[in-house]
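# Generate a structure from the sequence data that follows.
(one chain, ligands or ions: 3)
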Amino acid sequence: MVSDADQVAELLARLRAGTPLVQCITNAVVTGFTANVLLALGAAPAMVDNREEAPVFASVADGVLINLGTLDAEVAQTMRLTAEAAGAAGTPWVLDPVAVGGLPLRDRVGAELVPLRPSVIRGNASEVISLSGAEGGGRGVDSTASTEAAVDAAASLVGRTGGAVAVSGPVDRIVDGSGVRTIASGTPTMTMVTGVGCALGAIVAAFAPYAETPADAAFAATAVLTIAAELADEKADGPGSFAVQLLDALHRVGPADLARLRVG
Ligand SMILES: Nc1ncnc2c1ncn2[C@@H]1O[C@H](COP(=O)(O)OP(=O)(O)OP(=O)(O)O)[C@@H](O)[C@H]1O
Ligand SMILES: Cc1ncsc1CCO
Ligand SMILES: [Mg+2]
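Ligands and ions are numbered 1, 2, ... in the order given. The predicted model follows:
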């Protein structure tokens, strides 16, 4: 039987051989870091995010990320048009509903994007609970709920998109129509650098063209990022050097490292 780690290693090899073009409409805080994460991993980032070009580019890209972190009304319209274009072209796309829960614009945009059927919704527990329509607002961009508490909300979103929902936290949970998978790997330092969750959404989009199912892409992305974070933590002195070490670790992470993946 092929192990989870072997499956992830196989997908990582395919990603690196394919250099997927990943279009990111993401927030102003994390744009540069996200591009560097994708490059370190072996993907090709393209932050094509203006209203005229983004919908056109979605049919050329191999995967698309739409991240609601720093929205305005024009960006929101670009996101809707790009999600529609990705859907029409069959390009897998990932929705990161940053800080959805009790904020007027992003709550409305999140609710409009879910029926456009993102391949993967990736957020922390509070964001996933709020996006599902349940009460669960976090504290700004941070979660105040456990990922276990978000599993029902994730399943209800899966029922509406037909894709997968990846809930991040100390234990990540990846939910689709066939059940829930968990990953316990990772390190708390990941929460001390802004945008590690945002980068995870981009990594999911990079894996999506190679994975059999959206949940497989989310699982592989979470596995690779959390293992790379463990490798980075071994060399880092604090959040600053951790961010740099994380890029180096994403570049070198390989099958032997993935064998330490902690599932369940
Ligand atoms: N306490 C923790 N221990 C281990 N790993 C963690 C912990 N908290 C988060 N992670 C990992 O960090 C990554 C990002 O998850 P997190 O829930 O922090 O995202 P987020 O809140 O959306 O982050 P951001 O908005 O800053 O980008 C995931 O891969 C997750 O596994
Ligand atoms: C800090 C922050 N604020 C809006 S987006 C963002 C990046 C982490 O989600
Ligand atoms: Mg986030």
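# What is the burial count for Gly140?
11 (other CB atoms under 10 Å). Glycine gets a C-beta too; all of them are placed from N, C-alpha and C.
# try Glu212
9.
# before we move on, what about Ala256?
Ala256 has 9 nearby residues by other CB under 10 Å.
# Please apply the same query to Thr213.
Neighbour tally, Thr213, other CB under 10 Å: 16.
# Distance-wise, check it relative to ligand 1.
Look at Thr213 and ligand 1: by CB to the nearest ligand atom, to the nearest Å, they are 19 Å apart.
# In contact with that residue, which residues?
Counting by CB atoms under 8 Å, 6 or more residues apart in numbering, Thr213 touches 164, 176.
# Find me the pLDDT at it, would you?
Here the pLDDT value assigned to Thr213 is 98.
# Repeat that for the one 3 residues further on.
Asp216 is assigned 98 on the pLDDT scale.
# host element of it?
helix 214-235 (DSSP states H and E).
# Does anything pack onto that helix? Which helices or strands?
helix 4-18, strand 120-124, strand 164-168, strand 172-176, strand 179-183, helix 196-207, helix 239-252, helix 255-258 (3 or more CB pairs under 8 Å, 6 or more residues apart in numbering; DSSP states H and E).
# Checking the closest residue to Ser130 other than its chain neighbours next. Helix, strand or coil?
The shortest distance from Ser130 to any residue other than its chain neighbours is 3.2 Å, reached at Gly101 (CB to CB, 6 or more residues apart in numbering). Per DSSP: H, G, I helix; E, B strand; the rest coil, the local secondary structure of Gly101 is coil.
# Now Gly101, what are its backbone angles?
Backbone torsions of Gly101, given as degrees, to the nearest 10, read phi 130, psi 90.
# My guess is it contacts Ile129. True?
Yes: using CB atoms under 8 Å, Gly101 makes contact with Ile129 at a distance of 7.5 Å.
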